[in-house]
Every structure is written in C-alpha cells, then in structure tokens.
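1. give me a model of this one.
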Amino acid sequence: MSISAEQVRQLRERTGAGLMECKKFLMESHGDIEKAIENMRKTGATKAAKKEGRITAEGVIMIRISEDGKRGVILEVNSETDFVARGDDFKAFAKETAEAALNQKARDMEALKQQTLSAGHSVEEVRQQLVAKIGENIHLRRFEYLETEGTLYGYVHGDRIGVLAALSHSNETLGKDMAMHIAASNPLVTTPDKVPATLLDKEREIYIAQAKESGKPQAIIEKMVEGNVRKYLEQVSLSEQPFIKDPNKKVGNILSEGKNQVVTFVRYEVGEGIEKQVQNFAEEVMAQVRGSE
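-> Purely as a prediction, here's the structure:
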C-alpha cells in the first residue's frame, strides 16, 4: 500500500515519532491515522499522544443563559487568525448568533443559520457579509442548546475555553466553581459509570498491550491493567477529580457537602481537534535555495 508524505507528516506532528516509525504504523493500519495512533500507544512508540487534541484554529466561545437559568447555549465560531477573532465585528456576530440560538431554541446548525438577526438578515447572510468585509473565512463550527430542570451556569476563559454546566439545584457559587473546574480539568463525564463501554474497552486493550511489554507474570499484568483502568476513570470523571480550589477533596465530596450534583455539562475549547498547517519559514527558504541550485 502507498503511504503519502502528507499522511506521514500528520502522524508525526500528532505523535512526535520518527518518520520511518510513522510510515511503518501507517502501513500496518492501511493509512488509517487514528488506528496508527492507537497501535503506537499500545507499543509505547508514540511520544506525545496528548497532542491529538492540539488547539490549532482561532475563534471564540460564546455562552448565553436565560434569566431563569433553565435554558442555555454554548457556541464556537472560528476564524482564520487571532487578529480577526479579537475584532469587535467578529465578537458581535458570535454574541448575536448565540443569543439567536437561545431565543429560538435552535436544535441544529442549519436551523440556526436561518434565524434572523437584528439587521434583518439571517445568520448565514450576516456571516457571508462579514467574510466579504473582513476578507477572511468565518465558520460556525458547533453549538449546543441545553434545557434543565435544575439551573445552568457558564464560564468562559479568555474567549477560548467555555463550559455550560447544569446543577440539580440552584447555587451560584457552586455552579461557577464547577464550571471553572471543568474548564481547567477537562473531564469527559460526570461520574465513572458514565464512561462509554467502548471507550473503556479500548483503554483496557491499550493497557494490556503495554503491560505485556513488561514481561511480568499474568497475575501481575492483570493487577497493572486494573490499576491503570482505575486511574483512567479517576482522571476522566468529574466526581473523582481533585477539586481545583481544594485538591485534598474530590469534586464529588464538594457536591455532596452542598447537597447538589452536576447533571450534565458541555466543554468547548477553540479549535480542538482541528489541524492547522504551521509553516516553518526558515525551512521554506532553505528549500527554495536548494531548488535554485
């Protein structure tokens, strides 16, 4: 099977592994980058699996919550450069679009794009006008509309990380603390039992492959695997994480003391999962010099 230089480059950027190593794993996975990364983790070949979620795109996160705290929206709008993302026109468009999503209870992106803004034009029409004015592409990437019987709280850090969290009971201090914690610690689920079985099975499979490399007896390997699974569940579950304001207590303890719970949450980070080409101008100049020789 033929593996392109572009595929090798992408895998190398995401894992930090060598060129030949990247090509080898891509060959084994028939060009599937995600499968190659999974196999590299199993053998310990990857140097930086955490780079998978690198922030590469620019933009803002907007949150809007109804006055009664029962409805809320979190929205990500992307731009090509940080310069545009910090501009007043761009932020005003993102803010008004989020408000339209909240007021109209939009459930999908196509419906949101057809909502009318204050200028009398639809969200999509205003987006196109802004693209023409700024000269840079603008993209409505994603949004989520939430309703709760409890109370919603939001937190946005520097326009780039946003959290919308629903608590079972109203508590402004606790709600803001939880939203800030989620922004900082990035849990996947509220409690360990909410981790999808498919995800847990995949992690266990990786831990088994890693443990077998140690050459230890099977009984020891099983203990190593279960220990790693427990650590993983603690890391990705909100209730099991050390609370950022008091690391001696778990988030679950803080919630219990307040006789409350986080029912659900949504966390967005600008550009997560989007790959953006980074040019090395020194290398580009050297390539041009070599090409002219």
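2. tell me which other helices or strands the longest helix seen in the chain touches.
-> In the chain, taking DSSP state H as the definition, the longest helix is helix 218-236. If contacts are counted by 3 or more CB pairs under 8 Å, 6 or more residues apart in numbering; DSSP states H and E, helix 218-236 sits against helix 197-212. All C-beta spots, glycine's among them, are computed from the backbone N, C-alpha and C.
3. pull the residues that contact the helix it packs on.
-> Applying CB atoms under 8 Å, 6 or more residues apart in numbering, the external contacts of helix 197-212 come out as Glu38, Arg41, Lys42, Thr43, Gly44, Ile221, Met224, Val225, Asn228, Val229, Tyr232, Leu233.
4. now the helices for the protein?
-> Remark: helices assigned in the chain by DSSP H are 5-15, 19-28, 33-43, 82-85, 88-103, 109-113, 123-134, 172-185, 197-212, 218-236, 251-257, 281-292.
5. against Arg230, how distant is Thr191?
-> Counting by CB to CB, to the nearest Å, the gap from Thr191 to Arg230 is 14 Å.
6. more neighbours: these two, which one.
-> Thr191 (16 against 12; other CB atoms under 10 Å).
7. how about the more buried one, phi and psi?
-> phi -140, psi 160 (degrees, to the nearest 10).
8. wait, it touches Ser239, no?
-> Yes. In this structure Thr191 lies within contact range of Ser239 using CB atoms under 8 Å: 4.7 Å.
9. which neighbours do these two have in common?
-> Gly252.
10. about what we covered before: what angle separates the longest helix of the chain from helix 197-212?
-> Relative orientation of helix 218-236 and helix 197-212, computed by axes from the mean of the first three to the mean of the last three CA atoms, to 10 degrees: 130 degrees.
11. now the angle from helix 218-236 to helix 172-185?
-> 130 degrees.
12. using CSV, write out every CA atom in helix 218-236.
-> Taking C-alpha atoms only, helix 218-236 is exported to CSV below (Å, rounded to 0.1, in the frame of the first residue of the first chain):
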residue,chain,number,x,y,z
GLN,A,218,0.0,-12.8,34.0
ALA,A,219,-1.3,-12.2,37.6
ILE,A,220,0.8,-9.1,37.9
ILE,A,221,-0.2,-7.9,34.4
GLU,A,222,-3.9,-8.1,35.4
LYS,A,223,-3.3,-6.0,38.5
MET,A,224,-1.4,-3.5,36.5
VAL,A,225,-4.2,-3.2,33.9
GLU,A,226,-6.9,-2.8,36.6
GLY,A,227,-4.8,-0.2,38.4
ASN,A,228,-4.4,1.8,35.2
VAL,A,229,-8.2,1.5,34.5
ARG,A,230,-9.0,2.9,37.9
LYS,A,231,-6.6,5.8,37.4
TYR,A,232,-8.1,6.5,34.0
LEU,A,233,-11.7,6.6,35.4
GLU,A,234,-10.5,9.0,38.1
GLN,A,235,-8.8,11.2,35.6
VAL,A,236,-11.8,11.5,33.2
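13. pLDDT score for the closest residue to Gly150 other than its chain neighbours?
-> Leaving aside its sequence neighbours, Gly150 sits nearest to Ser168 (CB to CB, 6 or more residues apart in numbering; 4.5 Å). Looking at Ser168, its pLDDT stands at 97.
14. mind listing what Ser168 touches?
-> Each residue near Ser168 by CB under 8 Å, 6+ apart is listed here: Gly150, Asn260, Gln261, Val262, Val263.
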